[in-house]
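Asks: kindly generate the corresponding structure for this input.
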Amino acid sequence: MGLKRIIIHWTGGGGRANALDTRHYHRLVEHDGRIIFGTEELADNIVTSDGDYAAHTRDLNTGSIGIAMCGMRDAIEMPFSPGPSPLTEVQVDATCALVADLCRAHGIPVTRETVLTHAEVQPTLGVRQLGKWDIARLPYKPDLVGAYPVGDYLRAKIKSFLGEAAPASNRPVLRFGDQGADVRILQEDLASLRYFSGRLDGKFAELTRAALLAFQADNGLATDAVAGQQTWAMLAKAEPRRLRDIEPADLRAEGSSTMKGGDAAEVALTGGGVLAAVPVVRDLMSDTQDLLPTLQQNWPVLLAIGALVLGYILIRQMKAARIEDARTGANVGR
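Replies: Residues are numbered from 1 along each chain as shown. Next up, the predicted model:
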């Protein structure tokens, strides 16, 4: 029993550590790279049953060192906005150097299971984290999108501080028709690099073959749709596929059914629904003294108007998600 993993977070606050931050994390890295010690000792998280420990990760504090970069206050995941306190490259480099020192001191290997971001905890270790997305974006590297691409980028930096060479792959050779856990890992790796957008079902079928061929072509490998040692090694160090320069007009020109349907629904709602509802609501609310009776008498109308507004919001979100899919290559066919 001991310290066996390091989990990297952001605080969701400003670029400087505050008193609450120091209670929850063992180490904090401020926006200029300055290291701040938390109030709890690292050893306090070896045993957490006494209640005296740094509570940084839901249901995964025992044996875990908690590191946090200060920042990302009011950040929005999609469409991405880092807010007024973005993470900085200096800060990330200082964090990776710190994590390398901790790995060396405590004998923690640098793998996806032992050095990971908060956003990787649920998909990697199966411990539910209620939608946490730190760290799935780095403001100064807009091409990195997603928990695994960012996590792999950080681990590569940590390994460079440790002076480690990339380990040789011990994965099996995989071909069309293969099935199993290793195929699922291949699919996950291709998905994290924006090549695979199908189901992670562990079946080497047409979508997996097409994604692998595209990856091999982009990275100067033999395009044989066989995942051999060179392909596995490249998967471990490759950069994510570049975002496509796509605008809404481009998707419309390409005949996107999602954009076409969304545009038509939006025009219908704004032309005869949401905008038309404005004077109705204004008239209903004109006499504030009779507001409660008015609401009671006209609740079906107000409910219908609310449904129109909700529909409008959902259509806008659907179109935004379609554009994001096209830019990342997650889905270019709808």
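Asks: and T62, what is it in contact with?
Replies: N45, I46, V47, T48, Y53 (Cβ atoms under 8 Å, 6 or more residues apart in numbering). Heads up, the C-betas are built off the backbone N, CA and C, glycines and all.
Asks: as TSV, these with secondary structure would be great.
Replies: Shown next, in TSV, are the contacts of T62 (DSSP: H, G, I helix; E, B strand; the rest coil):
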residue	secondary structure
N45	helix
I46	coil
V47	coil
T48	coil
Y53	coil
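Asks: quick check on those: which are buried?
Replies: N45, Y53 (16 or more other Cβ atoms under 10 Å).
Asks: quick one: the helices in the stretch 1-150 of the chain, in order.
Replies: 19-24, 89-106, 118-125, 147-162 (DSSP state H, counting those that start in this stretch).
Asks: residues in contact with the first one?
Replies: Contacts made with helix 19-24 from outside it, assessed by Cβ under 8 Å, 6+ apart, are listed as 11, 13, 28, 36-40, 54-56, 66, 68, 70.
Asks: tell me the most packed of those, by neighbour count.
Replies: A68 (29 neighbours; other Cβ atoms under 10 Å).
Asks: quick one: A214 is in a strand?
Replies: No. Per three-state DSSP, A214 lies outside any strand segment and is helix.
Asks: for R241, see how far away the closest residue to it other than its chain neighbours is.
Replies: Excluding the flanking residues, the one nearest A214 by Cβ to Cβ, 6 or more residues apart in numbering is Y195, at 5.5 Å. Separation of Y195 from R241 (Cβ to Cβ, to the nearest Å): 6 Å.
Asks: also V173?
Replies: 23 Å.
Asks: pick out whichever of those two has more residues nearby.
Replies: Taking other Cβ under 10 Å, V173 and R241 do not tie; R241 has more neighbours (19 against 12).
Asks: from G228, how far off is E41?
Replies: Noted for E41: a distance of 46 Å to G228, by Cβ to Cβ.
Asks: then E188?
Replies: From E188 over to G228 the distance is 18 Å, taken as Cβ to Cβ.
Asks: show me what L28 is bridged to.
Replies: I36, A68 (DSSP bridges).
Asks: G14 touches M72, doesn't it?
Replies: No. Under the criterion of Cβ atoms under 8 Å, G14 is not in contact with M72, lying 9.4 Å apart.
Asks: the more surrounded of those two?
Replies: More crowded of G14 and M72, by other Cβ under 10 Å: M72, with 26 against 17.
Asks: one step back: mean neighbour count, mean pLDDT and distance to M234 for the helices of the stretch 1-150 of the chain - can I get that in a markdown table?
Replies: Output for these, formatted as a markdown table (neighbours: other Cβ atoms under 10 Å; pLDDT from 0 to 100; distance: least, Cβ to Cβ, whole Å):
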| stretch | mean neighbour count | mean pLDDT | distance to M234 |
| --- | --- | --- | --- |
| helix 19-24 | 15 | 96 | 38 |
| helix 89-106 | 18 | 93 | 22 |
| helix 118-125 | 21 | 95 | 21 |
| helix 147-162 | 20 | 93 | 12 |
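Asks: could you save these as JSON lines and add columns showing distance to A210?
Replies: Shown next, in JSON lines, are those (distance: least, Cβ to Cβ, whole Å):
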{"stretch": "helix 19-24", "distance to A210": "44"}
{"stretch": "helix 89-106", "distance to A210": "34"}
{"stretch": "helix 118-125", "distance to A210": "23"}
{"stretch": "helix 147-162", "distance to A210": "20"}
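Asks: for those, which one sits closest to I7?
Replies: Closest to I7 of those is helix 118-125 (Cβ to Cβ; 6.0 Å).
Asks: kindly export the closest one (C-alpha atoms) in PDB.
Replies: What follows is helix 118-125, C-alpha atoms only, in PDB (Å, rounded to 0.1, in the frame of the first residue of the first chain):
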ATOM      1  CA  HIS A 118      -9.200  14.200 -14.000                       C
ATOM      2  CA  ALA A 119     -11.000  13.800 -17.300                       C
ATOM      3  CA  GLU A 120      -9.300  10.500 -17.900                       C
ATOM      4  CA  VAL A 121     -10.300   8.900 -14.600                       C
ATOM      5  CA  GLN A 122     -13.800   7.700 -15.600                       C
ATOM      6  CA  PRO A 123     -13.000   6.300 -19.100                       C
ATOM      7  CA  THR A 124      -9.700   4.800 -17.900                       C
ATOM      8  CA  LEU A 125     -10.400   3.500 -14.400                       C
END
